[in-house]
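Student: Got a sequence here, can you build the structure:
(chains A and B)
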Amino acid sequence: MKRKREKSLSWQKKHIGSKILLSLFTLFVLFPIVLALLNSFKPIAAIQKNFLTFDPGTFTLEAYDKVITILRFGEGLWNNIVITLLSIVMTVALGSLMAFAISLVNSKFLRAVYLTSILLICIPIHAIILQLVPLLKSLGLLNTYLGTSFVFTALSLPVAVFLYTGFMRTLPRELSEAAVVDGCNLWRIYTSIYMPLMKTITVTVIILRATYIWNDLLVSLVTISDATKTMLVPRMYAFNSSTSTRWDLVLASSVLVSLPVAAMYLFLQKFYMRGLVSGAVKE
Amino acid sequence: MKKTRRVCYYKDLWKWTGALMALPGIVLIAVFIIVPFFMNVGYAFTDYNTASDVPNFIGLTNFRNMVNDRDFWLVCTNTLKLIITYVVGGNIIAILLGVMITNTGRKFGNFVKTSIYFPQLLSMVVVGFLWRIMFSYNNGPINHFLEWIGVPPDMLPQWLGVPALIIPSISVALIWLISGYYSIIYHAGMMSIPMSYYEVSAIEGANRWQEFVHVTLPFLAPSITINTVLLTVESISAFAVPASMTGGGGPGRYGTTLALWSYTTYFNNHQYGKAIAISVLLGLFAVVLAFIELKILLKKEVGNS
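Tutor: This next block holds a predicted model:
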């Protein structure tokens, strides 16, 4: 009933205008991305002359070659993979556990935990970032994969808890009650009943947070000073200066950094949209 | 009867198991968000620096240094300008896109949603670089376009060079980045509005604008509330886009926001106390704004329903 809106409206035919505007907007959104992609295959001289022309004769992979050696791209990629994976595994495991306890167990303490994590979504990261170095140092976790992953996990948990709780609360109570009758304990309900139903929302949490962690500048810039352990985006940020910018290197590295995330998105896109929406809209 | 007993069972026996399950996550949040947050507030009143071991209490000196900085009001104005343009512009564009996506068919709508979400996958640093190209004065696509539609060459704006245009330009880049995400949220909100309301408004003879104002908007109120708060926090935390777009804060600090100022004060100028004071101000800013917005918008929500 609800979803039939587009079919049942009589003024449907008048929406050519919407289609044209949306097409134009889509072009506007994709334009800079395509432009960057094309320019990354141009020699620097051609880029400086004009961003808007593309001559297939001058096609070159030189910028990519240079970026991979200058940034020690392989090393950065490895760091990105390790830190992102570690943080995502922890976020999914700990976030779903928190949400499970919050939505199933009736206690004042857990309700306070839920409210606090919602509140924490509203705290800007800059209000804590300056203290992370002394904090990690005192825990012996400065410049370690684990320390940085802990920070990323903590920053991701409030959103994960919010999304998982929203989803788990829509599950019928009978589900867990039946399991209790059959003699399941809380842990069994979590692993055998709830988590298998959480695929969509897990994909959403993974894409949402993996994108953030993979692309993050601030946390990795601040918590990792060891040059061999820095992530990709801080390496790339070194190209940032107001005077002279090597556009060929900037663009090639932008494309390389973005590729894995874009691939993941295109691959999981269908699940993702569903989960994104189910967590965000209260009905 | 049975039911109440089971609730009791949940409450008493599982209270501890439940707390235990949530514990690892709670510990991480406490250690890496809540502790540094209060550390930050505490250190703002001391002469903390990375070399000294025991910081001494110095009262409001850090805050005084911050306010007396000649750039203080400029940076605050920049931040406020960014928040207003970003929150208002982002919301309007996302709602319009949501309406248009809802109007067009499912297939076309899905294609648009998938495409315009794409920028969200890019790093903020990449976004900043892309828009530095788009806005560049000499050979940027935007100025090329303006020239093409007939703007004389000496009238072409220096987007990232003229003080008044820098923050709006940053806003455009940020809205380009988030329009996909927020329009998807609004679109989902619109899809959950029962058809019967539109049928009634059609029978009553409402035109499209009246239908939008009296049916669509009231139903969207909860989404608007959440999105406005999220957009505000995002704009206050905007750091990498202004930094990479303006090459680290822009000509004469006209592209510097509070977040960026705090960072450069700490890591480039090594004025630790002042930087911490700025970040406390920024946190306060976020909390106060979110509170005000919630107060206004929640009241609207109740008034409408």
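
Student: what does the average pLDDT come to for stretch B:33-46?
Tutor: With pLDDT averaged residue by residue, stretch B:33-46 scores 94.

Student: any low-confidence regions in the stretch 101-250 of chain A?
Tutor: A:241-244 (pLDDT under 70).

Student: quick one, what contacts A:Lys66?
Tutor: A:Lys66 sits next to A:Asp248, A:Leu249, A:Ala252 when contact means C-beta atoms under 8 Å, 6 or more residues apart in numbering or on different chains. The C-beta positions use only the backbone N, C-alpha and C, and glycine is treated the same way.

Student: run the last query once more with 7 Å
Tutor: Taking C-beta atoms under 7 Å, 6 or more residues apart in numbering or on different chains as the criterion, A:Lys66 is in contact with A:Leu249.

Student: quick one: B:Arg70 is in a strand?
Tutor: No - secondary structure of B:Arg70 (DSSP: H, G, I helix; E, B strand; the rest coil): coil, not part of a strand.

Student: For the chain, which residue occupies the most central location?
Tutor: Using chain A. A:Thr211 (2.4 Å; C-alpha atoms, centre = their mean).

Student: sorry, should have said chain B
Tutor: The centroid of chain B falls nearest to B:Glu234 when counting by C-alpha atoms, centre = their mean (2.2 Å).

Student: Looking at chain B, what residue ends up closest to chain A?
Tutor: Closest approach between chain B and chain A, counting by C-beta to the nearest C-beta: B:Gly247, at 2.8 Å.

Student: SS state for that residue?
Tutor: coil.

Student: Show me how far stretch A:209-217 is from its chain's centre.
Tutor: Taking C-alpha atoms, centre = their mean, to the nearest Å, one finds stretch A:209-217 lying 5 Å from the centre of the chain it belongs to.

Student: Now the phi/psi pair for A:Ile125, please.
Tutor: Main-chain torsions, A:Ile125, degrees, to the nearest 10: phi -60, psi -30.

Student: how many neighbours does it have?
Tutor: Neighbourhood size, A:Ile125 [other C-beta atoms under 10 Å in any protein chain shown]: 22.

Student: isn't it right up against B:Ala238?
Tutor: No - contact between A:Ile125 and B:Ala238 fails when scored by C-beta atoms under 7 Å: they sit 11.1 Å apart.

Student: ok, back up a step: assign a three-state SS to the residue nearest to the centre of chain A, would you?
Tutor: Per three-state DSSP, the secondary structure class of A:Thr211 is helix.

Student: So which residues of chain B form helices?
Tutor: Taking DSSP state H, the helices of chain B run over residues B:2-29, B:35-43, B:61-68, B:72-103, B:106-117, B:124-134, B:141-148, B:163-191, B:195-203, B:208-211, B:217-237, B:240-245, B:258-267, B:272-304.

Student: quick one: contacts for the closest residue to A:Phe109 other than its chain neighbours?
Tutor: Using C-beta to C-beta, 6 or more residues apart in numbering or on different chains and skipping residues adjacent in sequence, the residue nearest A:Phe109 is B:Ala19, 5.9 Å away. Residues in contact with B:Ala19 (C-beta under 7 Å, 6+ apart) are A:Ala101, A:Ser107, A:Phe109, A:Leu110.

Student: roughly how far apart are B:Ala19 and A:Phe167?
Tutor: For B:Ala19, the distance to A:Phe167 (C-beta to C-beta, to the nearest Å) stands at 21 Å.

Student: residues of stretch A:226-244 that come out buried?
Tutor: A:Lys229, A:Thr230, A:Met231, A:Leu232, A:Val233, A:Pro234, A:Arg235, A:Met236, A:Tyr237, A:Phe239, A:Asn240 (16 or more other C-beta atoms under 10 Å in any protein chain shown).

Student: can you narrow these to ones near chain B?
Tutor: The subset of those within reach of chain B, counting by C-beta under 7 Å from any C-beta of the partner chain, consists of A:Val233, A:Met236, A:Tyr237, A:Asn240.

Student: Can you list the helices and strands that whatever helix or strand A:Arg188 lives in packs against?
Tutor: In this structure, A:Arg188 sits in helix A:186-188 according to DSSP states H and E. On a contact count with 3 or more C-beta pairs under 7 Å, 6 or more residues apart in numbering or on different chains; DSSP states H and E, helix A:186-188 meets helix B:2-29.

Student: Give the rounded mean pLDDT of the helix it packs on.
Tutor: According to the model, helix B:2-29 has a mean pLDDT of 73.

Student: again with stretch A:253-266
Tutor: For stretch A:253-266, mean pLDDT rounds to 93.

Student: how about the CA coordinates for that stretch, as PDB?
Tutor: This file holds the C-alpha atoms of stretch A:253-266, laid out as PDB (Å, rounded to 0.1, in the frame of the first residue of the first chain):
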ATOM      1  CA  SER A 253      46.600   9.100  -5.400                       C
ATOM      2  CA  SER A 254      43.000  10.200  -4.900                       C
ATOM      3  CA  VAL A 255      41.900   7.600  -7.400                       C
ATOM      4  CA  LEU A 256      44.000   4.900  -5.900                       C
ATOM      5  CA  VAL A 257      42.800   5.600  -2.300                       C
ATOM      6  CA  SER A 258      39.200   5.700  -3.400                       C
ATOM      7  CA  LEU A 259      39.100   2.500  -5.500                       C
ATOM      8  CA  PRO A 260      38.800  -0.100  -2.800                       C
ATOM      9  CA  VAL A 261      35.900   1.700  -1.100                       C
ATOM     10  CA  ALA A 262      34.100   2.300  -4.400                       C
ATOM     11  CA  ALA A 263      34.500  -1.400  -5.300                       C
ATOM     12  CA  MET A 264      33.100  -2.400  -1.900                       C
ATOM     13  CA  TYR A 265      30.200   0.000  -2.300                       C
ATOM     14  CA  LEU A 266      29.200  -1.100  -5.800                       C
END
